[in-house]
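Novice: no sequence for this one, just the structure:
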């Protein structure tokens, strides 16, 4: 599929930076399901990718559409490969994929695994790996849309700034959750690996 030529040197720095962020997410805790909340257990990023991929057809059959979030990983991989092969890649199809990438992140807030009869597999806590995952995918979506509509690539410093700013902002939210929203039950499960919790 042909597209508008928007190749520039910034892309050679932006893509490796996003790849680094994504790579980090694979080795950090990703999330905890409701059945895990009483322990230090959780899914790591790499385990989430593998299990999510294997469980995808069964999850769809069972009506657990949150499992579609795993597809965001493969859209991300596609963009990385496409930009390396065709640096000037920018098309309407890329815009559609970028929107699907955003939708995959939204789906991650829904039920993902039917773990047993008393738990629907709802994510109740996110690890720091989730932050790197959300940032990598949202930044890739932004990059694709920006290149299509503005016809150039933002400097990598913008992505670094957004990373630092969003991480500090999220830590502020974590602090607020722990000190002002969480009750004693939830405070017990604010492990060091927990980035944010679903308070309800």
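Specialist: Structure's in. What do you need? Since the structure is predicted, the reported quantities are computational estimates derived from the model, not experimental observations. Numbering: from 1, shown residues only.

Novice: ranges for the helices of this structure?
Specialist: Using DSSP state H, the helices assigned to the chain run over residues 11-25, 45-62, 71-85, 92-107, 128-150, 156-176, 184-187.

Novice: among those helices, which comes closest to residue 31?
Specialist: Across the helices of the chain, residue 31 has its closest neighbour in helix 128-150 (5.8 Å, C-beta to C-beta). From N, CA and C alone the C-beta is placed, and that goes for glycine too.

Novice: what packs against that closest one?
Specialist: helix 11-25, strand 29-33, helix 45-62, helix 71-85, helix 92-107, helix 156-176, strand 194-197 (3 or more C-beta pairs under 8 Å, 6 or more residues apart in numbering; DSSP states H and E).

Novice: would you turn the helices of the chain into a markdown table with mean neighbour count, distance to residue 195 and mean pLDDT?
Specialist: As requested, the helices of the chain are exported to a markdown table (neighbours: other C-beta atoms under 10 Å; distance: least, C-beta to C-beta, whole Å; pLDDT from 0 to 100):
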| stretch | mean neighbour count | distance to residue 195 | mean pLDDT |
| --- | --- | --- | --- |
| helix 11-25 | 18 | 11 | 96 |
| helix 45-62 | 16 | 12 | 86 |
| helix 71-85 | 17 | 18 | 96 |
| helix 92-107 | 16 | 15 | 95 |
| helix 128-150 | 21 | 5 | 95 |
| helix 156-176 | 14 | 6 | 93 |
| helix 184-187 | 11 | 14 | 64 |
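
Novice: and those helices as CSV, adding distance to residue 197?
Specialist: Converted to CSV, the helices of the chain look like this (distance: least, C-beta to C-beta, whole Å):
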stretch, distance to residue 197
helix 11-25, 18
helix 45-62, 17
helix 71-85, 22
helix 92-107, 18
helix 128-150, 11
helix 156-176, 8
helix 184-187, 6
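
Novice: nearest to residue 198, of those helices?
Specialist: Closest among the helices of the chain, using C-beta to C-beta: helix 184-187, at 9.1 Å.

Novice: can you redo the helices and strands packed on helix 128-150 as JSON lines with distance to residue 126?
Specialist: Listed next are the helices and strands packed on helix 128-150 as JSON lines, based on distance: least, C-beta to C-beta, whole Å:
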{"stretch": "helix 11-25", "distance to residue 126": "11"}
{"stretch": "strand 29-33", "distance to residue 126": "5"}
{"stretch": "helix 45-62", "distance to residue 126": "11"}
{"stretch": "helix 71-85", "distance to residue 126": "15"}
{"stretch": "helix 92-107", "distance to residue 126": "12"}
{"stretch": "helix 156-176", "distance to residue 126": "10"}
{"stretch": "strand 194-197", "distance to residue 126": "5"}
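
Novice: right, I'll leave it there.
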